[in-house]
Each structure stands twice: as C-alpha cells, then as structure tokens.
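Peer 1: Build the 3D model from these lines:
(one chain, ligands or ions: 1)
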Amino acid sequence: EARPAAGAATSAIGLRQVSKVFGSGDQRFTAVDRATVEIARNEFFTLLGPSGCGKTTLLRMIAGFEYPTAGEILLEGVDVAGLPPYARPINTVFQNYALFPHMTVAENIGFGLKMLGKPKAEVDERVAAMLKLVRMEALAGRRTSQISGGQQQRVALARALAPRPKVLLLDEPLSALDYKLRKEMQIELKRLQHETGITFIFVTHDQEEALTMSDRIAVMSAGHILQVGTPRDIYDSPADRFVADFIGETNVLAGRTGAVSGDLASVALAAGGELFAVVPAGFSRTGEVTVVVRPEHARVVASGEPATLSGTLEHAVYFGTDTHFHVRLADGSTFIVRRQNRPGEVLGVEVGDTVGVVVDPRAARLLGN
Ligand code: ATP
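Peer 2: So this is what the prediction gives:
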C-alpha cells in the first residue's frame, strides 16, 4: 500500500512539478508547466488566471480526467497516479452543472450515492442532509429542468458534496449566473466550505471573485504558477508585473534605484521626481527597476503643492463610489489616481490643469521581476 510522502501529510493536495503537454511534434503545446503547490486541508484555494492559462487542465489532472505528462499529484501525501477519477475522493462541480433534467432535485443529489451502491436508508438520509445544507428542501421533488439557474447551482453543489469528498473542485461554477446571484452564491460557497470543512479548489478568471472568496490564490499565466499567496499578499505584494496588472488596476513606473535603507529604496523615476519604494525580501538588483503603485494609494493635488510627480490632468472619470484621475506624466505614461467620492466634495482641479500626484508612504513597491 502507498505511504504518505514525508512532509506532505498535512496537505490535502500536493502538486510536484506537474506538467501537461498536448499534441506532438510541431503541434506540441505545454498547457501546464511544472506547477508546484501544496493545498492545505480545509482551505478555500483558487486558481486564477486569464482564459487559456491552464487552470482547467490542472483541475482535470487533479480529478483524474487528464494524466500529467510529468510530475506528481499527491492526495493527503499519497500519489494518485494509479487511481481513476471515480476512485479518487475528489468531486467536481462543472460550469454547466451537468444535472439530469428528467430527474428530481432529490434524485440528482442521491444519484452518485446510489451508483456507489449505498443502502437506500443511507442515501435518503444523506440527500435530506444535503437538501438542508443548500436550503433546497422545499424543491426536493421538482425536476431540475423546472428550477432557476441559481437553484440548479445549489443542486450541483449538493450532489457533489453528498459522497463526502475530501476535495471539491469547482470550475468557474458561478459564471452562468447574473451579477447579483453570483454575489449571493459567493457567500453561499464560503458558507458551504466552512460548514463542511472540505478542501475547495476553485477556478476563476475573475480577480474580484478570487480576492473575496479565497484563503489563498495561485495566479497562473501561460501554464505557469506565478505567485501563491493570500489575497492580501497578492494584492499588496505582487511578485511581478503580470500579477500586478492582472489583480486590480496598477500604475507601473520605470526608475533607477539609489540608496537603500532598511526595506526602502530611493528611486529616481523616468517620469521625473523621486520616491521611496518598498523592496521585496531577497531583492538585490540595483539600477533599472519597475515600481508599482495602486491607484487608491495616491492623491492628486493642485500644482505648486508638494508632490511626488507632476503632469497634466487628462480625464476625471466619475464612477459613483469613486473618481478616477488620469494624469499624463512627463515621460508620456499615464498615472491613474482613484479617489473615493464624499458628499459635497469639490474636485479642486480641472481637466487640462497641471497637477501634482502625491504617492502615500510605503505605497510604492519595487517588483522582483
Ligand atoms: P478557460 O478559462 O478559457 O477555460 P483555462 O485557463 O482553463 O482557460 P485550459 O482549458 O486549461 O485553460 O487550456 C490551457 C491551454 O491548453 C489552452 O491553450 C488550450 O487550448 C490547451 N488545451 C486544453 N486542452 C487541450 C487538448 N485536449 N488538446 C490540445 N490543447 C488543449
């Protein structure tokens, strides 16, 4: 019998240098490239990245629908290579739910358990518990072709949770729902994960969804995992330019480092002016660097006031909750400042004005790559 590998016993899923190559010869395509990550038990873990970055392929390998070209996938420390999908204690909720339209809600939820040969009493008891968990008791006898999209989503979740999997994989499960329902289901999914204690691996290309729901996020691009961290880590300390751009809006400034003191480096910006930027741990490169500043971490001030940068106010875009100021800097780049709107507040500057931009202390960060 396979034994857990040393050091991996506490993680639900371990990916070790997992790659997937499709096709051969000229048609070879690396969909996942040496993905390595440990996903903890009871974690809400999200794979986030743009379309085609390899999220679904990674999920399908964990489920067993695809076989890795190289690398190992461990479930609670044990290599799952020899296990077909049905033998893995892992279940998947698909984007289109894949419910049986001619069956009732209760029959759909109990289907997997019945297939596993569970006694009727046990199936009934489990179905009742799942109906309660997803708050669908009232519609137990309804056919799934006769319920709403949000209700279908709940049934799909109940069906996937019914056999008590150790890990639940969710492939863009909310993408078919409208905005309001999606927000509701986000909270619902968090609750289900919390109440069941099951490890959730959630796939999305929606950065806001990833930030609001996850314990940790893996950001993927072109088959690579670029960064793994808590939503706050990823937002506040993006590892590279792709992550900084993909997660929320960000200003990217070119510059040259001067003196370093503690974790701050002075940087002379290509757009003029100088600021102190937080240096990521282990960063040693000097010379040409890239600095990122979130739009909500800077202010626009009238020209003449002390400021980090100066430029021309090109646009002031009203968004209800906040206003976005687009400032054209001396090197031709645009710096965006986001300001929360408050009742009765006046802009103080006009489009076309020369303005200053004040960057908050510790808001600028040097990128590691
Ligand atoms: P999306 O969000 O659009 O679903 P994704 O990040 O989930 O994208 P994947 O579906 O994992 O991306 O696909 C990753 C890449 O691998 C894509 O370029 C895709 O075209 C390619 N790919 C996926 N499956 C196959 C296959 N069976 N044969 C060849 N190429 C494939």
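
Peer 1: list the contacts for Asp215?
Peer 2: Each residue near Asp215 by CB atoms under 8 Å, 6 or more residues apart in numbering is listed here: 40, 43-45, 230. Heads up, the C-betas are built off the backbone N, CA and C, glycines and all.

Peer 1: let's go with 7 Å and repeat that
Peer 2: Counting by CB atoms under 7 Å, 6 or more residues apart in numbering, Asp215 touches 43-45, 230.

Peer 1: just Gly311 next, same as before
Peer 2: Going by CB under 7 Å, 6+ apart, Gly311 touches 327-330, 335, 355, 357.

Peer 1: one step back: restricted to strands, list the contacts of Asp215.
Peer 2: When those are checked against strands (DSSP state E), the matches are 44-45.

Peer 1: Can you say which of the contacts of Asp215 are buried?
Peer 2: Buried residues within these, defined by neighbour count using 16 or more other CB atoms under 10 Å: 43-45.

Peer 1: Which of these sits closest to the ligand?
Peer 2: Taking CB to the nearest ligand atom as the measure, the ligand lies nearest Phe45 of these, at 15.5 Å.

Peer 1: how about that closest one, what does it touch?
Peer 2: 39, 200-202, 214-216.

Peer 1: now do 10 Å
Peer 2: Contact analysis of Phe45 by CB atoms under 10 Å, 6 or more residues apart in numbering lists 12-13, 37-39, 167, 199-202, 214-218, 228.

Peer 1: What residues of whichever strand or helix holds Gly356 count as buried?
Peer 2: According to DSSP states H and E, Gly356 maps onto strand 354-359. For strand 354-359, burial by neighbour count (16+ other CB under 10 Å) applies to 355-359.

Peer 1: okay if I get the residues you listed as a markdown table plus distance to the ligand and pLDDT?
Peer 2: Putting those into a markdown table (distance: CB to the nearest ligand atom, whole Å; pLDDT from 0 to 100) gives the following:
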| residue | distance to the ligand | pLDDT |
| --- | --- | --- |
| Val355 | 40 | 97 |
| Gly356 | 41 | 96 |
| Val357 | 36 | 97 |
| Val358 | 39 | 96 |
| Val359 | 34 | 96 |
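
Peer 1: Could you list everything Val260 pairs with in the sheet?
Peer 2: Val260 forms beta bridges with Ala265, as assigned by DSSP bridges.

Peer 1: which residues sit in contact with it?
Peer 2: Val260 makes contacts with 266, 276-277, 279, 283-284, 286, 366, as judged by CB under 10 Å, 6+ apart.

Peer 1: From the residues you listed, pick the one nearest Ala176.
Peer 2: Ala176 lies nearest to Leu366 out of the contacts of Val260, by CB to CB, at 40.7 Å.

Peer 1: Quick check, Thr30 in contact with Val21.
Peer 2: Yes - Thr30 is within contact range of Val21, at 5.2 Å (criterion: CB atoms under 10 Å).

Peer 1: any residues in contact with both of these two?
Peer 2: Here Thr30 and Val21 have 69, 223 as joint contacts, going by CB under 10 Å, 6+ apart.

Peer 1: and the closest residue to the ligand within the stretch 101-250 of the chain, how many residues sit next to it?
Peer 2: Nearest residue of the stretch 101-250 of the chain to the ligand: His205, at 5.2 Å (CB to the nearest ligand atom). As a burial measure, His205 scores 18 neighbours (other CB atoms under 10 Å).

Peer 1: Correct me if wrong: it contacts Glu172.
Peer 2: Yes - if you go by CB under 10 Å, His205 and Glu172 touch, sitting 7.4 Å apart.

Peer 1: Can you check which residues contact both of the two?
Peer 2: In contact with both His205 and Glu172: Lys55, using CB under 10 Å, 6+ apart.

Peer 1: follow-up on the earlier one: format the buried ones among the contacts of Asp215 as a markdown table; extra columns: distance to the ligand.
Peer 2: As requested, those are exported to a markdown table (distance: CB to the nearest ligand atom, whole Å):
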| residue | distance to the ligand |
| --- | --- |
| Glu43 | 20 |
| Phe44 | 19 |
| Phe45 | 16 |
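
Peer 1: what's near enough to touch Lys20?
Peer 2: Here Lys20 is in contact with 29-33, 35, 54, 57-58, 60-61, 66-71, 223 (criterion: CB under 10 Å, 6+ apart).

Peer 1: can you tell me which of the residues you listed are in helices?
Peer 2: By the criterion of DSSP state H, membership of the contacts of Lys20 in helices covers 57-58, 60-61.

Peer 1: which bits of the stretch 101-250 of the chain sit near the ligand?
Peer 2: His205 (CB under 6 Å from any ligand atom).

Peer 1: Would you map the helices across the stretch 101-250 of the chain?
Peer 2: Along the stretch 101-250 of the chain, the segments classed as helices by DSSP state H, counting those that start in this stretch run 105-115, 120-133, 149-161, 179-196, 207-213, 231-236, 241-246.
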